[in-house]
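1. Structure of the sequence below:
(one chain, ligands or ions: 1)
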Amino acid sequence: MGAAMALFYSDVFVLPLPAHHRFPMGKYARLRERLLASDAFAPDEFRVPDAASDAEILRVHCPRYLGRVARGELDAAEQRAIGFPWSQPMVLRSRQSSGATLAAAREALTRGWSANLAGGTHHAFRDRGEGFCVFNDAAIAARAMQAEAGLARVAIVDCDVHQGNGTAAIFRGDDSVFTFSIHGARNFPFTKEESDLDIELADGTGDEEYLWHLERGLDETLERSRPQLAIYLAGADPYEDDRLGRLSLTKAGLARRDRHVLGTLHARGIPVAIAMAGGYARDIDDSVAIHAETLSIARETWRDS
Ligand SMILES: [Zn+2]
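-> The predicted structure is shown next:
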């Protein structure tokens, strides 16, 4: 086992959802249990991060939106767009999960890599949330590292099956944060934003074609952005048996994806903060297994460094 490091979790903060709600809230605790049961990580490597502060959130979101989320003033349409009924635990969890990606970015700058065992809330815009996303954790983490560590260039590598539309909109016209999204063309959101680089794939795209596009997209991303930090959204929802994803990657294909992204970043000396992002497999243990494999591959990749 490599030197002790820190992974950040928020699964102790759960929000009350109606029965049969399609958001797999139980996924996160199961992921941490699975990692604990494996030999890859020690119990003291799992930490609860500080919640993202107002100041950290306000580098990305507008004061009016943050205030209305915090005070429970979102109207019915806004809550429907987010997909969660407003509750105080929802606010707490959203702050906590953003804090986890921020903490993972900070840790990555000293240790090479770290992860939030949740996060990847890339559908959150500056002034609104949607698609189970309230605050944009990757954007908050990128801005925090620019402010705290003086980073000039950050790349967001978004391999969730859904386009990172909120992230794309937040950083539109900002050369200091490069946004790359590789996603299903016919997956939500149905009106796409413009990332710095978008790769849209047809329904049923499988491992080989996906990896061919990913390799080129990642090369272009790193060449154009020369990042000092990458934030990797390792969504499990391109999986062939995902209820929401329209791509057809196998578990082996997703592991090759992770090995390629993480191996390339490691080889180029680029630190990476990983967020889990989506995963809605028919059998939720499949999503948990895919997320766990991402973290095992990261640990393996940085083992000797
Ligand atoms: Zn997704």
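2. pLDDT below threshold where in this protein?
-> For the chain, the stretches with pLDDT under 70 are 1-4.
3. Which helix or which strand is home to the residue nearest in space to the middle of it?
-> Among the residues of the chain, residue 120 comes closest to the average C-alpha position under C-alpha atoms, centre = their mean, at 2.4 Å. In this structure, residue 120 sits in neither a helix nor a strand according to DSSP states H and E.
4. now the closest residue to it other than its chain neighbours: how far from the ion?
-> Residue nearest to residue 120 in three dimensions, not counting chain neighbours: residue 277, with 2.8 Å by C-beta to C-beta, 6 or more residues apart in numbering. C-betas here are computed from N, CA, C, even on glycine. The gap separating residue 277 from the ion is 6 Å, by C-beta to the ion, to the nearest Å.
5. could you list every residue that touches residue 277?
-> Contacts were defined as C-beta atoms under 8 Å, 6 or more residues apart in numbering; by that measure residue 277 touches 119, 120, 122, 158, 159, 160, 233, 234, 235, 236, 237.
6. Near the ion, which residues of the protein are found?
-> Applying C-beta under 5 Å from the ion, one finds that the chain approaches the ion through 160, 162, 235, 237, 278.
7. all helices for the stretch 101-250 of the chain, in order.
-> 137-149, 165-170, 207-225 (DSSP state H, counting those that start in this stretch).
8. Which residue does this protein have closest to the ion?
-> Residue of the chain nearest the ion, by C-beta to the ion: residue 278 (2.7 Å).
9. Not counting residues beside it along the chain, what's closest to that residue?
-> Leaving aside its chain neighbours, residue 278 sits nearest to residue 237 (4.0 Å; criterion: C-beta to C-beta, 6+ apart).
10. OK, contacts around the one you found?
-> Contacts for residue 237 (C-beta under 8 Å, 6+ apart) come out as 160, 161, 162, 244, 245, 277, 278, 279, 280, 287.
11. Of all the residues in stretch 280-289, which ones are buried?
-> 280, 281, 284, 286, 287, 288, 289 (16 or more other C-beta atoms under 10 Å).
12. Skip the chain neighbours and tell me the closest residue to the last one.
-> Spelled out, that is residue 289. Leaving aside its sequence neighbours, residue 289 sits nearest to residue 251 (C-beta to C-beta, 6+ apart; 6.9 Å).
13. Just give me the neighbour total for the one you found.
-> Residues within reach of residue 251, counting by other C-beta atoms under 10 Å, total 17.
14. which residues does it contact?
-> Contacts for residue 251 (C-beta under 8 Å, 6+ apart) come out as 239, 286, 289, 290, 293.
15. I'd like those residues laid out as JSON lines, including distance to residue 65 and secondary structure.
-> Output for the contacts of residue 251, formatted as JSON lines (distance: C-beta to C-beta, whole Å; DSSP: H, G, I helix; E, B strand; the rest coil):
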{"residue": "239", "distance to residue 65": "32", "secondary structure": "strand"}
{"residue": "286", "distance to residue 65": "35", "secondary structure": "helix"}
{"residue": "289", "distance to residue 65": "36", "secondary structure": "helix"}
{"residue": "290", "distance to residue 65": "32", "secondary structure": "helix"}
{"residue": "293", "distance to residue 65": "35", "secondary structure": "helix"}
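16. before we move on, back to that, between the contacts of residue 277, which sits nearest residue 203?
-> Closest approach to residue 203 among the contacts of residue 277 (C-beta to C-beta): residue 237, at 13.6 Å.
17. how near is the closest one to residue 127?
-> Here the criterion is C-beta to C-beta, to the nearest Å. By it, residue 237 lies 26 Å from residue 127.
18. do the same with residue 298
-> Using C-beta to C-beta, which is the criterion applied here, residue 298 is 33 Å from residue 127.
19. More neighbours: these two, which one.
-> residue 298 (28 against 13).
20. where does the helix or strand where the more buried one lies sit relative to the chain's centre, distance-wise?
-> Using DSSP H and E, residue 298 maps to helix 284-301. Computed by C-alpha atoms, centre = their mean, to the nearest Å, the chain-centroid distance of helix 284-301 equals 14 Å.
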